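S.K.: A predicted structure for the sequence below; I have some questions about it.
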Amino acid sequence: MAFGNPDDDKLREECGVFGIFGHDDAPALTTLGLHALQHRGQEGAGIVSFDGTQFSAERHMGLIGDTFTKPSVMKRLNGHRAIGHTRYSTAGGDELRNVQPFFAEFAAGGFAVCHNGNFTNGMTLRRELQRDGAIFQSTSDTEAILHLIAMAKQPMFEDKLVAALNRLEGAFSIVGITNKKMIGCRDALGVRPLVLGDLDGAYILASESCALDIIGARFVRDIDPGELVIIADDGIKSIRPFDSQDPVPSRFCIFEYVYFARPDSVISGKNVYTVRKNIGIELAREQPADVDIVVPVPDSGNAAAIGYAQGSNLPFELGIIRNHYVGRTFIQPTDSIRHMGVKLKHNANRATFEGKRVVLVDDSIVRGTTSKKIVQMVREAGASEIHLRIASPPTAASCFYGVDTPDKHKLLAHRMSIEEMADFIRVDSIGFISIDGLYRAAGEASRNNECPQYCDACFTGEYPTSLADHENRDNIKQIALLSEARA
C-alpha cells in the first residue's frame, strides 16, 4: 500500500473479464477490451489464447498498457479465441500466482477460466478439495472452479461444468475457453455484470459494454442472471445450469451505477452516466444547500455533481484538479513528505474557492480519511463554507460479494451518526442520498423492501441470500479477515 494514496479510502473495483471467440486478432482485441476495463482492477492482468493447437498464456502485474502493449508479449499470444482478466484482489493476495485466467489440462483438453466476484463458500470449497487430494497453486478462489470440474463424475465436459457451478455460492461472472468453445455465466442473482457482444460474427463476453465500444463491437444483450452461454463454431447455446428451477429475482449490485462501472457503459439497459446524473438531481432535491457553487471530487463525483448543479440551479465548477499521472505505487514517501497525502492526486484551485460557499459532491464515504483531507485542502484554498453531499447512502456494512470493503467496524457510517461524521470530516454539513432516492435515480419508483430490486447490502446490511444468517460461518469470517488485512 502506498502511503498517502487517496484511493485507499475508496471501495475497490472488483475485476474485469473479457472473452472473444472466432476472430483472427483475438489476443489484440482482448488487450483492448481489458484496457477499457482497467478501472475495475489495476493490480495485474492476464490473457490466455488458443490457436487451434495449443493454449498460450501471459500474466503480469501492473497495468495493461505497461505490459500487454509490448510486441514481445503479444507475439507469444496467438489464436482466434482468447479470454482476459484485469484484477483487483478480493480473495487471495496481490501476487503473480493469483493473476487470472487460470489454466488446466483435463483429459478432454485444456480449459482456461477467469471470474469477477467472490465465492462466499470459497474457503469451505478449498478445504474440501484439499482433503480430496487437490493441490492449489494460488490463493485465489477462482482456482476452485478447475478442481471442481476435474473431480466431477459426469462424463461430458459441459455436465462437469454445470456440476461445478452448482457448488459455487456468492456473486460471480465467469468467462472461460476450451479447445472448442467459450463459456460465460452469471450467478443466479445476477449481482455481477456480464454482457454479450458481436464483432463481424465473433462473439464477445465482457464485464461492461464500454469494452465492446473500444473495438467497435455491437452490443447484443446482457447475459441473464443464472444463465450459462456456450459459444461454439455452430453458434451460441443458452442453458440454466443451477439446480433451482424457480425464477429468482435479480439483485444486481447498485453500486455499479454509483461508482464501479465506467460512465459510458450501459448495464441492464441503463446508461451509467445518466443514472449518476439522476443521482445528483435526487441528491439536490433531498439535501439542498444554500451555497454559491457545486464542485465534484474528481473523477467519481463528476456526473453526480453535474446533476446536483442542474437540480439546484447552481453553477458547476471544476475546483479540484486531479493529477491523472499518479499511480498506486508512484512514491513511497518518507516522513518528511507523507503529510502531502491527498495532494499527490488532487489540488484545489484557489481562484474557484476563495470566499465561496461550496457544495462538494463525492460518490461515497468509506473511512472518511480522504474526505477529511480534501475538505481541509478546500478550506486552505479559501472556501468560507463547505457542505459535503454524497451520491450514495451511508456505507455501513461490509460486502461479501466481490467488493473489497474494510471490516464494518472501520466504516465511518457504522461508527458514527451523520452529525458525528460532519464533525470528524470538519464540514458545515453533510448529506447523503436516501436509499429510495438512489432507487429512483436508477429508474425505480422506490425500493421494494419485501423484495429489493438490487443488491444494496453495503448500505442496508440486508444481504441478498441467507448469508446474513450465517455470518459466523468460518468462510465468511475468513473473507472478512482478508478484507481487514488488506484495509
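M.R.: Thanks, I have it.
S.K.: which stretches of the stretch 151-300 of the chain form strands?
M.R.: In the stretch 151-300 of the chain, the segments counted as strands under DSSP state E, counting those that start in this stretch are 170-178, 182-186, 195-199, 202-206, 218-222, 228-232, 235-239, 252-253, 266-267, 270-271, 293-296.
S.K.: what's the single longest strand in this structure?
M.R.: strand 109-119 (DSSP state E).
S.K.: sorry, back to before: reformat the strands of the stretch 151-300 of the chain as TSV; add mean pLDDT, mean neighbour count and distance to V17.
M.R.: C-beta coordinates here come from the backbone N, C-alpha and C atoms, glycine included. Converted to TSV, the strands of the stretch 151-300 of the chain look like this (pLDDT from 0 to 100; neighbours: other C-beta atoms under 10 Å; distance: least, C-beta to C-beta, whole Å):
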stretch	mean pLDDT	mean neighbour count	distance to V17
strand 170-178	96	27	5
strand 182-186	98	26	8
strand 195-199	98	21	10
strand 202-206	98	27	7
strand 218-222	98	14	14
strand 228-232	98	20	13
strand 235-239	96	12	17
strand 252-253	95	26	15
strand 266-267	94	21	14
strand 270-271	97	16	20
strand 293-296	98	26	29
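S.K.: export these as CSV, with columns for distance to E43.
M.R.: Converted to CSV, those look like this (distance: least, C-beta to C-beta, whole Å):
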stretch, distance to E43
strand 170-178, 18
strand 182-186, 23
strand 195-199, 23
strand 202-206, 19
strand 218-222, 27
strand 228-232, 28
strand 235-239, 32
strand 252-253, 20
strand 266-267, 23
strand 270-271, 28
strand 293-296, 26
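S.K.: how about the ones you listed, which one is nearest V366?
M.R.: Shortest distance between V366 and those, using C-beta to C-beta, is found for strand 252-253: 16.1 Å.
S.K.: and for that closest one, what's in contact with it?
M.R.: Contact with strand 252-253 is made by 171, 190-193, 225, 260, 267-268, 401, 403, 454-455, as judged by C-beta atoms under 8 Å, 6 or more residues apart in numbering.
S.K.: could you identify the least confident member of these?
M.R.: Here the lowest pLDDT out of the contacts of strand 252-253 sits on V403, with 77.
S.K.: verify the stated contact: that one with C458.
M.R.: Yes: counting by C-beta atoms under 8 Å, V403 does reach C458; the two are 7.1 Å apart.
S.K.: break this protein into its domains for me.
M.R.: By the assignment in automatic domain parsing, the chain contains the domains 8-250, 272-328+336-453.
S.K.: any idea how far D456 lies from P394?
M.R.: Applying C-beta to C-beta, to the nearest Å, one obtains 12 Å for the distance of D456 from P394.
S.K.: what about the stretch 1-150 of the chain, any weak spots by pLDDT?
M.R.: Scanning the stretch 1-150 of the chain for pLDDT under 70 picks out the ranges 1-14, 89-94.
S.K.: go again with 90.
M.R.: Scanning the stretch 1-150 of the chain for pLDDT under 90 picks out 1-14, 42, 87-95, 107-108, 120, 139-141.
S.K.: which stretches of it form helices?
M.R.: 26-36, 64-67, 71-74, 122-131, 143-151 (DSSP state H, counting those that start in this stretch).
S.K.: in the first one, what's buried?
M.R.: Applying a neighbour-count criterion of 16 or more other C-beta atoms under 10 Å, one finds 26-36 buried in helix 26-36.
S.K.: what's it packed up against?
M.R.: On a contact count with 3 or more C-beta pairs under 8 Å, 6 or more residues apart in numbering; DSSP states H and E, helix 26-36 meets strand 15-21, strand 44-50, helix 64-67, helix 71-74, strand 81-87, strand 202-206, helix 210-213.
S.K.: swap in the last one?
M.R.: For helix 143-151, the packing partners by 3+ C-beta pairs under 8 Å, 6+ apart come out as strand 102-106, strand 109-119, helix 122-131, helix 157-165.
S.K.: check the third one too.
M.R.: Other helices and strands packing on helix 71-74, by 3+ C-beta pairs under 8 Å, 6+ apart, are helix 26-36.
S.K.: hang on, the earlier thing: could you dump the contacts of strand 252-253 into TSV and include distance to L165?
M.R.: Listed next are the contacts of strand 252-253 as TSV, based on distance: C-beta to C-beta, whole Å:
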residue	distance to L165
A171	13
G190	14
V191	15
R192	14
P193	18
P225	13
F260	24
I267	22
S268	22
Y401	16
V403	22
Y454	23
C455	19
